[in-house]
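Asker: heads up, no residue letters with this:
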C-alpha cells in the first residue's frame, strides 16, 4: 500500500508532539507500506490568526485557536491536494484530524490521534474559556473529518468514547490502537531483568517526566517523595522536563529538559528509566501518556491518575497502578511502600510492565494493527 502521510509538523522531528508524528510514519514504513510524506504544512492566514488570538485573549478574556479556522483548514486541504496529484496513493493518513477536514472527496482518509476536539474542551488548560467562534469551528471541523474519513483511529478508549458521544459517526468506523513507546530502546527481557536486579531495595528512586508541572501533577509527585521519606524509606525524586518554582528539598534532583535528538540526552534518559523504581506522573489531564509506554519498555512500573486516556496506557496491576483523581501523595506513597516491602510483588509488576510493552505498547504492534485495519477497507 502507498500511504500519503499528512501532518502540519515536521515528520522527521523526534521532539514533535513527543515523537508521535515521527514514530507513526516509521511504524507504517516498518509494516511494509510505501509512505509519501506531506508534512510541514504552511498556515494560511497565520499572522491574522495570531492577531485574533491576542485580541480574544486581551480584549475578551477568551481563547481563540487559529488552527481550527476555516481559512487555515482550507489552506491545509489545498496544499495536500496539490501534493497528492499524480502520486498514486491508496490512502491519506494523518496523526491529526483537522489537516484533512476540508479535503475534497477522493482517496479514503484515515486519522490516528489521541483525542477528539470535544474531549479536549475544558479538559486541557489551553482548551478552556474557548471563544464561541473556536467552539463552532472546532465542532464543525471535527464533524467534517468524521463525515469524510473511512476510519477514525484513537489511541485510547476514552478518546474513542468522546467521539462517539459527541459526534454523528458510524461506530464501525471508530477503532482503538494504543501508541507505542517513543524511546528506541530495543531492549530484551534479559537486559530488563539485569537492570531490575540492580535497583536498590534500601532506597526508592522516583522519576517524574513532563514539561507542565501543574497539569502533570508534579506537586503530588513531590508530596509522595516527602511522605516516603517521612515513613522511613529514603527516597529521591528525579525531575525531567520541567522544574517547580521555588526551593525544593535536597532529595529532589533536577535534570532539566533532556532532548532525544542528542546522544547525551538519550543516554541520560536511558539511565534514569533503567535505574528508577517507579515512574510517577499523576496528571490532572492527559489524552494518553506516551511516557507510560516508554517506562514499560524498561520494565519500569508507572503510577498515574485514572483520568482521560491514561487507563489505555496503564493497565491497573499489570504495568502500574491507577489512582483516583482526588488522591494525594499519601495514597501514592502507601502503594509504593507496599511494593518496596515486597520484592517479589515489585519484580512481578516490573516484568509485567515489560510484557505490556512487548505485547501492545510498541510501534511494531501498533503499526501492524493499523495496516491490518487499512487492508480491511
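Answerer: Nice, I can see it. Keep in mind that what you see is a predicted model, and the values were worked out from it rather than measured. Numbers count the residues shown, from 1 in each chain.
Asker: Residue 93 against residue 107, yeah?
Answerer: No. With contacts counted by C-beta atoms under 8 Å, residue 93 stays clear of residue 107, the gap being 10.0 Å. Quick note: C-beta positions are derived from backbone N, CA and C, even for glycine.
Asker: between the two, who's got more neighbours?
Answerer: When neighbours are counted by other C-beta atoms under 10 Å, residue 93 comes out ahead of the other of residue 93 and residue 107, with 29 against 19.
Asker: in the sheet, who's paired with the more buried one?
Answerer: With beta bridges defined as DSSP bridges, residue 93 has these partners: residue 5, residue 110.
Asker: again, but for residue 36
Answerer: Here residue 36, judged by DSSP bridges, has bridge partners residue 4.
Asker: Tell me how many other residues crowd it.
Answerer: Using other C-beta under 10 Å, residue 36 has 17 neighbouring residues.
Asker: What distance do you get for it to residue 90?
Answerer: 10 Å (C-beta to C-beta, to the nearest Å).
Asker: Could you pull out the residues contacting both of the two?
Answerer: 2, 3 (C-beta atoms under 8 Å, 6 or more residues apart in numbering).
Asker: ok, residue 204 - contacts?
Answerer: 228, 233, 234, 235, 236, 277, 278, 336, 340.
Asker: For the strand or helix carrying the first one, give me every contacting residue.
Answerer: So the one you mean is residue 228. Using DSSP states H and E, residue 228 maps to helix 218-230. Residues outside helix 218-230 that contact it (C-beta under 8 Å, 6+ apart) are 204, 206, 208, 210, 213, 235-237, 239, 242, 244, 248-249, 251-252, 280-282, 303, 327-330, 332-333, 336-337.
Asker: Please check the residues you listed and keep the buried ones.
Answerer: Using 16 or more other C-beta atoms under 10 Å as the burial test, those include 204, 206, 208, 210, 213, 235-237, 239, 242, 244, 248, 251-252, 280-282, 303, 327-329, 332-333, 336-337 as buried.
Asker: pretty sure residue 37 is touching residue 28, no?
Answerer: No. With contact defined as C-beta under 8 Å, residue 37 does not count as touching residue 28 (10.3 Å).
Asker: out of these two, which sits in the more crowded spot?
Answerer: The neighbour comparison of residue 37 against residue 28 (other C-beta under 10 Å) goes to residue 28, with 24 against 16.
Asker: any common contacting residues for residue 93 and residue 107?
Answerer: With C-beta under 8 Å, 6+ apart as the test, residue 93 and residue 107 both reach residue 4.
Asker: related to what we said a few turns ago, now do the shared contacts for residue 37 and residue 28.
Answerer: Common neighbours of residue 37 and residue 28 (criterion: C-beta under 8 Å, 6+ apart): residue 5.
Asker: residues contacting the nearest residue to residue 64 once chain neighbours are set aside?
Answerer: Of all residues not flanking residue 64 in the chain, residue 56 sits nearest, at 3.9 Å (C-beta to C-beta, 6 or more residues apart in numbering). With contact taken as C-beta under 8 Å, 6+ apart, residue 56 is in contact with 62, 63, 64, 131.
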